[in-house]
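**Student:** Mind folding the following:
(chains A, B, C and D)
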2 protein chains.
Amino acid sequence: MTITEFLNPQDWLGQGTGPRYVQLRRRLEEAIEQGILAPNASLPPERELAELTGLSRVTVRKAIQELVAKGAIVQRQGSGSFVRDASPRVEQSLSALTSFSEDMQRRGLETRSTWLERGVFMPSPEEMVALGLGADESVARIARIREAGGKPMAIERAALPTDILSNPLLVTTSLYEVLEAEGLRPVRAIQKISAINLDEDDAALLDVEPGVAGLSIQRTSYLASGRVAEFTRSTYRGDAYDFVAELRLSNAKDKR
Amino acid sequence: MTITEFLNPQDWLGQGTGPRYVQLRRRLEEAIEQGILAPNASLPPERELAELTGLSRVTVRKAIQELVAKGAIVQRQGSGSFVRDASPRVEQSLSALTSFSEDMQRRGLETRSTWLERGVFMPSPEEMVALGLGADESVARIARIREAGGKPMAIERAALPTDILSNPLLVTTSLYEVLEAEGLRPVRAIQKISAINLDEDDAALLDVEPGVAGLSIQRTSYLASGRVAEFTRSTYRGDAYDFVAELRLSNAKDKR
DNA sequence: AAGTGGTCTAGACCACACC
DNA sequence: GTGTGGTCTAGACCACTTT
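**Tutor:** Next up, the predicted model:
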């Protein structure tokens, strides 16, 4: 059964419910599930899909668009539309305080960083609050795209007081490695996780479509002394990352 | 400055970069940021926007569509398009094992459940693996929409062995309360968090647009004896929920 | 009945990839 | 150059809400 045959509109169009672009989207999803469209296979061109199904190209595009948003299909201008092969997901523990590069090395994945920003700056108001800095103090910033296994996984923007990280240029792979060499490795962190739709900029940096779901993570980490060591905002690809946490019963029950 | 004036195309169209629908989207975002479009205010009708800007209605719709996907605007057929007021986010701890209803009560929010499914069933293959059940054993399922403060927050689908929860109908608000009454409250859980784009069905249940980012959470919880007590898959609204975790340095460093 | 968003079409031109 | 996706238009009709 070829995809062309499978999309013969007599077999499905008008039989289900809902708008035609939804019906086509569902038919394409079935084709992917059933392997009629294998991973990395190319879809027929939009114009051909339109002719095959008797729909207009705009309607065809709307059906495909929903699959692109879900990450099931990638489109490349001038080249074609392709079924995306499910990329293996990586899990990160949410209870152990580890660094990205250490975490990936343990999995045997190679990491690479593309620097977006690295230097000493005047603190932004947000950084002043998060790090407890005065307006006359300075802040070390390192911002980079983290890649693992050849794929961009996250955008990481870290800010540290300059007396904790005086020379940001020393950081080549692991930030925590540099901090540890100074005896300044954080021992504790509070992390906040939210789901977001990636905006144009972040999506471009992570090589996915805008609107795809990602995880936004804000972390404040502390030295043993209780002082704030690091304030980091990261954006992870939702299709490549899971966070795993271990929970324990707090003392909330008692009284019985 | 009215929104009609603000959208005068001479002031912005063709001055920035990118496709026209992107330029219009940005202009609308600015209008919302600057308060020219207040929360809950209605946008001009699409046809009027098209005439105002000199763009076609299809292009106008595409610009608005991106804002709807981000959750910045809601559209109601037959009624209009409205600026969405940012809903306050709720944070849940990722280290303490608490239940949804207990958590919300502590915040003074009223909770409500709409039942989707509640009863005893044959276990699905996935449930057999997760709960360690044989094919001849049965499973108690409770699936519901959790609301807090009058808004749907999450879809929760829990499965438990029937000897831990023999009568699912006993659960009215807090599952953990029922388990605790039997001395079977879990003391430990492993939770996996991923970002997803909400599909049509989940989006409808949570009263948001399909494609908006949400958090998918899979939790397996354990009794003190080590036995699996509960396997739950939940989907949270990304715009209403943050998860907060406390991390600690594991013994990964040493050796120096 | 009038107004609004939702769907759909046919056709055009542009931007980019591949040969 | 040819083929692909990306953008855009003008106009139509449907479904739903509001009055």
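**Student:** Every contact and neighbour count from this point should use C-alpha atoms.
**Tutor:** Fine.
**Student:** Please say whether there is contact between stretch A:50-61 and chain B.
**Tutor:** No: under the criterion of Cα under 8 Å from any Cα of the partner chain, stretch A:50-61 makes no contact with chain B; the nearest approach is 10.2 Å.
**Student:** Next, see if that stretch gets close to DNA strand D.
**Tutor:** Yes: Stretch A:50-61 comes into contact with DNA strand D (Cα under 7 Å from any atom of the strand), by way of residue A:58.
**Student:** Report how far apart the opening and closing residues of that stretch are.
**Tutor:** 9 Å (Cα to Cα, to the nearest Å).
**Student:** Okay, buried residues for it please.
**Tutor:** Across stretch A:50-61, burial judged by 16 or more other Cα atoms under 10 Å in any protein chain shown covers A:50, A:53, A:55, A:57, A:59, A:60, A:61.
**Student:** List the residues that contact the fifth one.
**Tutor:** For residue A:59, the set of contacting residues under the criterion of Cα atoms under 8 Å, 6 or more residues apart in numbering or on different chains consists of A:20, A:21.
**Student:** Average pLDDT for the helix or strand encompassing it, rounded please.
**Tutor:** Element membership for residue A:59, per DSSP states H and E: helix A:57-70. Taken as a whole, helix A:57-70 carries a mean pLDDT of 89.
**Student:** Return the distance of that helix from the chain's centre.
**Tutor:** Mean C-alpha position of helix A:57-70 versus that of the full chain (Cα atoms, centre = their mean, to the nearest Å) differs by 22 Å.
**Student:** Repeat that for stretch A:101-115.
**Tutor:** Distance of stretch A:101-115 from its chain centroid, counting by Cα atoms, centre = their mean, is 15 Å.
**Student:** and that stretch, is it in reach of chain B?
**Tutor:** No: with Cα under 8 Å from any Cα as the criterion, chain B is not reached by stretch A:101-115; the gap is at least 9.6 Å.
**Student:** One more: stretch A:80-98?
**Tutor:** Yes: counting by Cα under 8 Å from any Cα, chain B is contacted by stretch A:80-98 at A:94, A:95, A:96, A:97, A:98.
**Student:** can you pull out the strands in the stretch 101-250 of chain A?
**Tutor:** Remark: strands assigned in the stretch 101-250 of chain A by DSSP state E, counting those that start in this stretch are A:111-121, A:139-148, A:151-161, A:188-197, A:213-222, A:228-237, A:241-248.
**Student:** Below-threshold pLDDT in the stretch 101-250 of chain A: ranges please.
**Tutor:** For the stretch 101-250 of chain A, the stretches flagged by pLDDT under 70 are A:249-250.
**Student:** got the residues of chain A near chain B?
**Tutor:** Near chain B, when you scan chain A using Cα under 8 Å from any Cα, you find A:69-70, A:94-98, A:186-197, A:211-215, A:238-239, A:241-250.
**Student:** Could you show which parts of chain A are in contact with DNA strand C?
**Tutor:** So chain A meets DNA strand C at A:19-22, A:54-59, A:76-79 (Cα under 7 Å from any atom of the strand).
**Student:** From residue A:156, how far out is residue A:222?
**Tutor:** Going from residue A:222 to residue A:156 by Cα to Cα gives 18 Å.
**Student:** Sorry, slip of the keys, the one I care about is residue A:187.
**Tutor:** 20 Å.
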